[in-house]
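Engineer: Have a look at this fold, sequence not included:
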């Protein structure tokens, strides 16, 4: 689920919902769990797990934007001189 969050971190709301649904479907399809209250807890844990990947994705994206903005500012200052 962390990888799902990393890959689809740009669309974080969809990634969290998708992680919860996919994990529950896998648990039910493999026969690990039936339709019970514990399935809701499993969905919440899957969403929390994907949220870690989303946070990493968003952090890398913000760092890239900051570095790119910083580089563009330096380029403009150097061109004016």
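Structural biologist: That came in fine, so what should we check first? Just so you know, these numbers come straight off a predicted model, no measurement behind them.
Engineer: give me every residue that touches the residue nearest the centre of the chain.
Structural biologist: The residue lying closest to the centre of the chain (CA atoms, centre = their mean) is residue 54, at 2.1 Å. By CB atoms under 8 Å, 6 or more residues apart in numbering, the contact list for residue 54 reads 5, 6, 8, 9, 12, 15, 16. From N, CA and C alone the C-beta is placed, and that goes for glycine too.
Engineer: Nearest to residue 70, out of those: which one, please.
Structural biologist: For those, the minimum distance to residue 70 (CB to CB) is 22.3 Å, reached by residue 9.
Engineer: per-residue confidence at that closest one?
Structural biologist: At residue 9, the model reports a pLDDT of 89.
Engineer: same thing with residue 54?
Structural biologist: For residue 54, pLDDT reads 96.
Engineer: Distance-wise, check residue 58 relative to residue 64.
Structural biologist: Distance of residue 58 to residue 64, computed by CB to CB, to the nearest Å: 11 Å.
Engineer: Phi first, then psi, for residue 30.
Structural biologist: Residue 30 adopts backbone torsions of phi -80, psi -10, taken as degrees, to the nearest 10.
Engineer: Can you get me a residue count around it?
Structural biologist: For residue 30, the count of nearby residues is 8 (other CB atoms under 10 Å).
Engineer: How about the one 10 residues further on?
Structural biologist: Counted with other CB under 10 Å, the burial measure for residue 40 works out to 11 neighbours.
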